[in-house]
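> Sequence isn't available, so here's the structure alone:
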């Protein structure tokens, strides 16, 4: 629908930032998009909007991700009630592993790097573990959400042996290129946005410096944290241990290890022995069920929690993340609406029709990918749109294909990182207990700094080597 196809996502983003009402903003964007698809018939538009939610849930991958995220909430709740989360925190502090602000942030960063299989897992685990540590050392939850978000997609897109790597490899293979996995490996080495984001987070942690809105949030936290007891925070109730039970770190660590170990096993099973062809969403879906089962059996044998109580805790913990499930349905629905309107294709075709010198092509592909991901809230959708366009452009004008693909990968993650309607942005803020719009406002300047540096490097590299 041409220029109009940009209206639904931009309306949702504008309203979310302006009103701070994310649910209503996403719903408004979906409704306007569906109205356009039915020629502005209000009644049809209303029913089409409702049907779009059903279409999201009828998709196997979407349902698995939503259920997985909610069940991770149940797993964390179960580990908290067993004393496992508190035992882990006690272990980290008593063993002098985490004794200050820098240690708390560095631990969260390292956990994000280690959980490289799935973005949702990184956001949820980093957010859940980081909450009590960050509050103890008077670090804002906006900083926690930033670290969780910045070690999610930027880390996952750099790893070839996960769902991201498999997905990108398939997209490259569909363009008829030989050795698509090797091309993807080469593209990772020049994915400057992901590389610099990971480094920039490490710099922020080690330097202790903050800028712009994040600096204001950190200064505000120093004052407010003096007058609140994090252990009594209502958001922590589902993580508090039962009375008169031992606090054992292994009751948290073992279920998480089981979850992590099950991910590559699931990838091998779903890929019929080939890791790169496995399903990441199915693997994490299986993994969280098995981790919960192991936890329930552990706590039963330790006589900490009876099975019936454990199941009730899991259900309650999953229910605490119901709001996240609703937001993900809305975000996915808006993404589907944008796909139906052709939002991404419209932007991509604008790029294709620009007749620019060769040195501008790769930087422009990075910008276009960023805008598509920002508007649609999905990096994977951006890859699906831009890789089939970027590869023919690269082969036609003799650009290095891996270098061109890296611009798509980096731009997709950059736009997704900045977008308030992105699922990882939403999960990071909710898992960290941070106001969603506050997370967007504090993260955006940092992402723009790295994005600007990345654009400059793509341009300089194009001038020097192309």
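Everything's here; your move. Worth saying up front: this structure is predicted, and the values here are computed from it rather than measured. Numbering: from 1, shown residues only.

> mind checking which helix or strand residue 159 is in?
Per DSSP states H and E, residue 159 falls between elements, in no helix or strand.

> ugh, typo on my part, it should be residue 125
Per DSSP H and E: helix 119-136 holds residue 125.

> roughly how far is that helix from the heart of the chain?
The chain centre lies 13 Å from the centre of helix 119-136; the measure is C-alpha atoms, centre = their mean, to the nearest Å.

> Let me know the average pLDDT across that helix.
Averaging pLDDT along helix 119-136 gives 82.

> try stretch 86-100
77.

> now swap in stretch 317-332 and tell me
On average, stretch 317-332 scores 76.

> Return the set of buried residues in that stretch.
By neighbour count with 16 or more other C-beta atoms under 10 Å, stretch 317-332 contains the buried residues 317, 318, 320, 321, 324, 325, 327, 328, 329, 330, 331, 332. Yep, even glycine has a C-beta here, placed from its N, CA and C like the rest.

> what comes into contact with it?
Residues outside stretch 317-332 that contact it (C-beta atoms under 8 Å, 6 or more residues apart in numbering) are 22-23, 26-27, 30, 53, 56-57, 62, 65-66, 69-78, 238, 377, 421-423, 426-427, 430-431, 436.

> can you tell me which of the residues you listed are in helices?
Members of those lying in helices (criterion: DSSP state H): 22-23, 26-27, 30, 53, 56-57, 62, 65-66, 69-78, 423, 426-427, 430-431, 436.

> Return the helix or strand in this protein with minimum mean pLDDT.
helix 343-353 (a mean of 70; mean pLDDT, DSSP states H and E).

> so how far is the helix or strand harbouring residue 194 off the chain centroid?
In the assignment (DSSP H and E), residue 194 maps to helix 192-207. Helix 192-207 has its C-alpha centroid displaced from the chain centroid by 17 Å (C-alpha atoms, centre = their mean).

> tell me the mean pLDDT for it?
Mean predicted lDDT for helix 192-207 stands at 95.

> Go through that helix and flag the buried ones.
192, 193, 194, 195, 196, 197, 198, 200, 201, 202, 204, 205.

> do you know how far the closest residue to residue 190 other than its chain neighbours is from residue 383?
What sits nearest to residue 190 in space, not counting adjacent residues and going by C-beta to C-beta, 6 or more residues apart in numbering, is residue 406, at 4.2 Å. As judged by C-beta to C-beta, to the nearest Å, residue 406 and residue 383 stand 12 Å apart.

> between these two, who's got more neighbours?
residue 406 (29 against 26; other C-beta atoms under 10 Å).

> Now for that one, which secondary structure element holds it?
Going by DSSP H and E, residue 406 is part of helix 401-418.

> which other helices and strands contact the helix holding residue 125?
helix 60-81, helix 84-94, helix 101-114, helix 141-150, helix 153-156, helix 250-270, helix 423-431 (3 or more C-beta pairs under 8 Å, 6 or more residues apart in numbering; DSSP states H and E).

> now the angle from the third one to helix 192-207?
Put plainly, it is helix 101-114. Counting by axes from the mean of the first three to the mean of the last three C-alpha atoms, to 10 degrees, helix 101-114 lies at 150 degrees to helix 192-207.

> now swap in the longest one and tell me
Helix 60-81 and helix 192-207 are oriented at 10 degrees to each other (the same axes, to 10 degrees).

> Tell me which residues of helix 60-81 come out buried.
Neighbour-count burial for helix 60-81 [16+ other C-beta under 10 Å]: 62, 64-81.

> For it, what does the pLDDT average out to?
80.

> residues near residue 34, how many?
25.

> isn't it right next to residue 48, touching?
Yes: under the criterion of C-beta atoms under 8 Å, residue 34 makes contact with residue 48 at 4.2 Å.

> Domain parsing of the protein, as residue ranges.
2-58+327-465, 60-323 (automatic domain parsing).

> Distance from the chain centre to the longest one, please.
Right, the one you point to is domain 60-323. On C-alpha atoms, centre = their mean, the centre of domain 60-323 falls 10 Å from that of its chain.

> got it, and the shortest one?
Domain 2-58+327-465 has its C-alpha centroid displaced from the chain centroid by 14 Å (C-alpha atoms, centre = their mean).
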